[in-house]
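> just coords:
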């Protein structure tokens, strides 16, 4: 008997099919996650609750497990739900009611039970560490198979059995989430490094330009203080402010070209840094002109021959 044959055999008069239909109809968004009706995924706030219906259901109680790491008083370190209603399970228990109660309980924030702490020299575990679920003592699908069926089970069938285990699905989901988190973190670091590179280049260009202009400007300012009227300085300040706005708009256009993909990185860095440096330079010159315009004139310098 092949893998598909024994799956069909397991479904014959299987109460799990009826339970799956009841869960899907009663809980919006729920769906069957296995061909043999052994898994039902129920959406909850912040993730998914997976309901595992064993082959001897409803005589054996179901297993409820979260597909994402969750801290709650009803959730153990393997993300399995330890709800009191499951401890009193019987074949007459309403599976829909139990799952509803669990979903409602998981919505309520709870305080984790106090744990005794002792000083330790061991390194505390990382918040992103993954706790491997416990290996099950038995696999219900295997228990339901005959010796002949077990002998005919090929590698593909064994792989399907293992992949259907709730522990394996939880680990696969946790690894996928961790992989996605790492990719997002790497993208953020890359973007931050690129932004820092642009800022560093911009600051270096500005420092060089200001260093070149500072001495000449101070000399001109000292000479012009007694020569230029206040209205000329005001006009100069307005001209510098206009220049600063123009350079700011130029830098924004260069940034738009870079984000649209119409500008390569070397060209972007050169044009953007140049525009930002010119913007800052014009702002400084406008500020200095305004200071000079409002500052009282210096007294005439007297030469000492002592």
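Received, thanks. Computed from a predicted model, the values in this text were never measured in an experiment. Numbers count the residues shown, from 1 in each chain.

> chain center to stretch 56-68: distance?
30 Å (CA atoms, centre = their mean, to the nearest Å).

> Just the buried residues of it, please?
57-58, 61-67 (16 or more other CB atoms under 10 Å). In this view, the C-beta of every residue, glycine as well, is placed from N, C-alpha and C.

> Return the member of these nearest to residue 211.
residue 67 (59.1 Å; CB to CB).

> and the closest one, what is it in contact with?
41, 47-50, 79, 169-170, 173-174 (CB atoms under 8 Å, 6 or more residues apart in numbering).

> Of those residues, just say which sits nearest to residue 292.
residue 47 (64.1 Å).

> Now the closest one: closest residue in space, sequence neighbours ignored.
The spatially closest residue to residue 47, leaving aside those adjacent along the chain, is residue 68, at 3.9 Å (CB to CB, 6 or more residues apart in numbering).

> and if you look at residue 206?
Nearest residue to residue 206 in three dimensions, chain neighbours excluded: residue 277, at 4.5 Å (CB to CB, 6+ apart).

> Now do the buried residues in the helix or strand that that neighbour is a member of.
If you go by DSSP states H and E, residue 277 is part of helix 265-294. Neighbour-count burial for helix 265-294, counted by 16+ other CB under 10 Å, picks out 268-269, 271-286, 288-290, 292-293.

> How about stretch 247-257?
Result for stretch 247-257 [16+ other CB under 10 Å]: buried residues 247-248, 250-251, 254-255, 257.

> One more: stretch 142-153?
The neighbour-count check on stretch 142-153 (16+ other CB under 10 Å) flags 145, 149, 153 as buried.

> Can you tell me which helices and strands whichever helix in the chain runs longest packs against?
Criterion DSSP state H: the longest helix present in the chain is helix 166-224. Under the contact definition 3 or more CB pairs under 8 Å, 6 or more residues apart in numbering; DSSP states H and E, helix 166-224 sits against strand 47-52, strand 63-66, helix 265-294.
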